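Enquirer: I'll drop the sequence and a predicted model, then ask my questions.
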Amino acid sequence: MRTHMTRFLVTMAVALAASAASVRALQTGFFSDDALRNAGANSEEWLMINHGYYEQRYSGLDQIDDSNVEGLVPAWSFEVGSGGGPQEATPLYADGVIYSITNWSITFAVDARTGEEIWRYDPDVDRSIDEPGTDRLCCGVISRGVALYEDTVIVPVIDGHLAALDKETGEELWKVLIVPPESVSHTLTMAPRVMDGKIVIGTAGAEFPPFRGYVAAFDVEDGSEIWRFWTVPGNPADGFENEAMERAAETWTGEWWVLGGGGSVWDGMAYDPDLNLVYFGTGNGTPWAIEWRQGFDTEPLDNLYVASIVAVDADTGEYAWHFQTTPSDIWDYDAVQHLLLADIDIDGQVRPVIMQVNKNGFFYVIDRATGEFISAEAVAEVSWATGIDPVTGRPEVHPDAWYSTEQGVTVRPVQAHNTAQMAFSPDTGLVYVPVAHSNAFSFATAEEYEPTPGQQSFGLNLGRGGNAPPRAVPPISMSPERDMPEGGRGGILSAWDPSTQTERWFGLGGGQSGGGALATAGNLVFQVINDGRLMAYSADDGELLLEVPTGQSGGMSPPMTYMLDGKQYVALAGGMGARGGRGFGGRGRGNQEPTSPPAFPRPESGNPTLMVFTLP
């Protein structure tokens, strides 16, 4: 009898605990694993940096649609801080509160109805990391977002710390250093992703050798490290951490580990809960010039896993597969751009894919379960390669694209697509991606090279003082057919069909960096352009429906949308503020001066702002 009673009590306790957990998971403001798994289908909130684990930046909201978007008006604005660089973070929204981060990792919560500040957290970063001689910020004082998990806000601090805050008060619960303590290069600029109690994040800094890249998972309870995956192999004399590093070492030569190898992880990441795989993109090798990376008088090797899309087990960090977009990268063709998951029709079969529009000018479609190459097509003018192998996906590099100390080169593109976030609409099947149609850069290897801590270095001869070697100029070999003004220069928003690798339509404005896109069920694609404009197009045919100068003129964030009290809102941030000259702020080629009064007057302080729009 006692045994049966004990079993009954245990069963009841388990049932009550499960019931309590279920209720808690459904409570507004509690960001459970179930809530995050379903974030992409939660139209009313925006719980993750790109809305859901699939990173599609698509919302099912349709109160604002293609019939009324032209009536969008300002709701409220909020000065996020004093600035210091671009606003690259997409704001998050849950239960009446907007959470976001600005320069110097200052994090804040704002009442989404009124724009009044609820709390603010300043991690008090030593700002000398942005000063000459002690610099380790390649591209400005940038933070790309925070994460929500259970009752905490997870904050990547730019100096290499990771922090957890109480979502109600902003109180710091814990803060740990997750980069090597002696590092003069590692920083945190990307938005963390959180799943099943693990925070996954990578580090930036490959322009500040020595630098060896990695992505790692940390416990949400205390920040302790759970696993780490290095993106390039270390010194063979120290042994390899796993078989993936041992295999990667076969694609290097010389003493690559002295300068670290590179392979930073600072933006694109995605997660498939069914496959339990985390996907991330890796950056360039360190330094850019391969002779200084692996030795002179050597054949260029692939240098895994730089410039690659990598999949690892979310629980263990164990290698699953990789696809290298640019083997032997010497052109700064990172593969860290936005990674987007979807299930799309390929030749009559629905395939689970991962997609990326790479710096190197190609739109890649890869099987996300196996890493199998499916297709790639040029989205911009390309001269560094003459084609892509249709079976392996390996680029066919133009012979003149390689450079050395004796021979330089000018190649296209330099950045077809970088930090401007793209969007996918399941309604149209299209990916909406901001790209630079045409740009170029010149490279040559430096004859002498000695990296200096606190200073960016690439191993390049940049031609200062007229001492650059002669340059080859490979011809444009691939380019979409577009009727572009101004000789083809400028940024666009491309509506791309990944199933057929063709462009459906494009709109002028924007470019590879700054701002980004958002797709909604209202047959809309919103685009924020780095000159400060908020645009809206009809998603199916690209008709321009809205063009609003926001009042800021650089350093713009991607847009997001949410529903509150039965009303749909669109939110974005922008502005550079003090010392905002570095990074990707300002107007790019192809952007325009405002043609109508700004929606929000720019603050007299010049500070960056969070701006929210709605219908009257």
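Expert: Yes, it's here. All values derive from a computational prediction rather than experimental measurement.
Enquirer: tell me which stretches of the stretch 151-300 of the chain form helices.
Expert: All helices of the stretch 151-300 of the chain, identified by DSSP state H, counting those that start in this stretch, fall at 243-249, 290-294.
Enquirer: what's the next secondary structure element after the last one?
Expert: I take that to be helix 290-294. Counting by DSSP states H and E, the next helix or strand C-terminal to helix 290-294 is strand 308-313.
Enquirer: how far off strand 308-313 does the helix or strand just after that next one point, in degrees?
Expert: Next along the chain after strand 308-313, taking DSSP H and E as the criterion, comes strand 319-324. If you take axes from the mean of the first three to the mean of the last three CA atoms, to 10 degrees, strand 319-324 sits at 170 degrees to strand 308-313.
Enquirer: how far off centre is strand 319-324?
Expert: Centroid separation between strand 319-324 and its chain, computed with CA atoms, centre = their mean, to the nearest Å, is 19 Å.
Enquirer: ok, residues contacting that strand?
Expert: Strand 319-324 is contacted from outside by 229, 242-244, 277, 302, 304-313, 335, 364, 366, 370-371, 373, 393, using CB atoms under 8 Å, 6 or more residues apart in numbering. Any C-beta I mention is one placed from the backbone N, CA and C, and that applies to glycine too.
Enquirer: low-confidence stretches in the chain?
Expert: 1-29, 464-466, 487-488, 579-595 (pLDDT under 70).
Enquirer: in space, what's closest to the most centrally placed residue in it - neighbours in sequence excluded?
Expert: In the chain, the residue lying closest to the centroid (CA atoms, centre = their mean) is D267, at 3.2 Å. In this structure, D267 finds its nearest non-sequential neighbour in V336, 4.5 Å apart by CB to CB, 6 or more residues apart in numbering.
Enquirer: can you check L47 too?
Expert: Nearest to L47 is A39, by CB to CB, 6+ apart, at 4.3 Å.
Enquirer: which ones are touching that neighbour?
Expert: Here A39 is in contact with E45, L47, M48, H51, G52, Y53 (CB under 8 Å, 6+ apart).
Enquirer: is it true that the fourth one touches L61?
Expert: No - H51 lies out of contact with L61 (CB atoms under 8 Å); the separation is 11.0 Å.
Enquirer: show me where the stretch 351-500 of the chain has its strands.
Expert: Along the stretch 351-500 of the chain, the segments classed as strands by DSSP state E, counting those that start in this stretch run 362-367, 373-378, 385-388, 395-397, 408-411, 423-425, 430-438, 441-443, 471-472, 490-497.
Enquirer: among the ones you listed, which comes closest to L137?
Expert: When these are compared by CB to CB, strand 441-443 sits nearest L137, at 20.7 Å.
Enquirer: E250: neighbouring residues, count only.
Expert: A count of neighbours around E250, defined by other CB atoms under 10 Å, yields 11.
Enquirer: relative to F240, how far out is it?
Expert: Counting by CB to CB, to the nearest Å, the gap between E250 and F240 amounts to 11 Å.
Enquirer: how about F363?
Expert: 34 Å.
Enquirer: first-to-last residue distance for stretch 425-439?
Expert: With CA to CA, to the nearest Å as the measure, stretch 425-439 spans 28 Å from end to end.
Enquirer: show me what counts as buried in that stretch.
Expert: When neighbours are counted by 16 or more other CB atoms under 10 Å, the buried residues of stretch 425-439 are found to be 425-428, 430-439.
Enquirer: what's the domain layout of the chain?
Expert: 89-192, 203-399+439-467 (automatic domain parsing).
Enquirer: right, and the ones you listed - which one's nearest S605?
Expert: Counting by CB to CB, S605 lies closest to domain 89-192 out of the domains of the chain; the figure is 13.5 Å.
Enquirer: residues near the residue nearest to D267, how many?
Expert: Close neighbours of V336, defined as other CB under 10 Å, add up to 30.
Enquirer: contact partners for it?
Expert: By CB under 8 Å, 6+ apart, the neighbours of V336 are S264, V265, W266, D267, G268, F280, G281, T282, G283.
Enquirer: any idea what the residue lying closest to M563 once chain neighbours are set aside is structurally, helix, strand or coil?
Expert: Using CB to CB, 6+ apart and skipping the chain neighbours, the partner closest in space to M563 is E44 (4.0 Å). The three-state label given to E44 by DSSP: H, G, I helix; E, B strand; the rest coil is coil.
Enquirer: roughly how far apart are E44 and K567?
Expert: From E44 to K567 the distance is 11 Å (CB to CB).
Enquirer: wait, the residue nearest to the centre of the chain sits on P192?
Expert: No - D267 is beyond contact range of P192, at 11.9 Å (criterion: CB under 8 Å).
Enquirer: which residues are in contact with the closest residue to D122 other than its chain neighbours?
Expert: Nearest residue to D122, sequence neighbours excluded (CB to CB, 6+ apart): I106, at 5.0 Å. Listed by CB under 8 Å, 6+ apart, the contact set of I106 reads V80, G81, R120, Y121, D122, P123.
Enquirer: alright, I will stop here.
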